[in-house]
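>>> Sharing a model that was predicted from the sequence below.
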Amino acid sequence: MSDTSFDPELEANLSAQVPARHILAVFAGGLLGTLARCAVLRGWLSQAESTPWALIVINATGSLVIGLLATSVFERRPQLIGLRLFCSSGFLGGWTTYSSFAATTLLLVHKQSWVPILVLALATIVGNPLLAWLGRMLGRLR
């Protein structure tokens, strides 16, 4: 029977294998992506808007770009680990946000705004994976 409990020695070895520059790449990209998302949301949002179009557009563009970068750059140049981490996990991870989707959905449920909930859910659950796939297909054209 195998022991699946926490192994501090294994954890220490795994942590030691991640170069600090990769951690910094994710951190810097995440910071910039989050700041960019906040700037767009602040500039876009209005109280009169019932459907969260800014959030939909942010997550859609992030999905498309991650698919595009995956094939057009990172599959062709796997040695660019730092750039991949900065862009994918970092910037696009900060740019897109599942937590904002969840929080906005809860707010719309509270307001009983059923059509905006449906639009947001379909865009997020169906549209974003399709856009990531489209980005991958576009990336293969080059």
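Here it is on my side, so go on.

>>> which helix is the longest one in this structure?
Longest helix in the chain by number of residues (criterion: DSSP state H): helix 20-44.

>>> pLDDT (mean, whole number) over it?
Average pLDDT, helix 20-44: 93.

>>> Run the chain-centre distance for that helix.
Distance of helix 20-44 from the chain centroid (Cα atoms, centre = their mean, to the nearest Å) equals 11 Å.

>>> List the buried residues in that helix.
Buried positions in helix 20-44, judged by neighbour count with 16 or more other Cβ atoms under 10 Å: H22, A25, V26, G29, G30, G33, T34, R37, V40. All C-beta atoms are positioned from the backbone trio N, CA, C, and that covers glycine.

>>> quick check, nearest of the residues you listed to L106?
Using Cβ to Cβ, the shortest approach to L106 within the buried residues of helix 20-44 belongs to R37, at 18.7 Å.

>>> how much space between that closest one and L64?
15 Å (Cβ to Cβ, to the nearest Å).

>>> got it, and F74?
F74 is 15 Å from L64, by Cβ to Cβ.

>>> Adding distance to L92, write the buried residues of helix 20-44 out as CSV.
Output for the buried residues of helix 20-44, formatted as CSV (distance: Cβ to Cβ, whole Å):
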residue, distance to L92
H22, 16
A25, 13
V26, 11
G29, 8
G30, 9
G33, 6
T34, 11
R37, 10
V40, 14
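
>>> Closest to I56 out of those residues?
Looking across the buried residues of helix 20-44 and measuring by Cβ to Cβ, the closest to I56 is V40, at 11.8 Å.

>>> Relative to S100, how far out is the closest one?
V40 is 12 Å from S100, by Cβ to Cβ.

>>> Which single one of the buried residues of helix 20-44 is nearest to L80?
Using Cβ to Cβ, those come closest to L80 at A25, 10.5 Å.

>>> G93 is in contact with the closest one, correct?
No: between A25 and G93 there is no contact under Cβ atoms under 8 Å: 11.5 Å.

>>> show me the contacts for L55.
By Cβ atoms under 8 Å, 6 or more residues apart in numbering, the contact list for L55 reads L41, T97, S100, F101, T104, L120.
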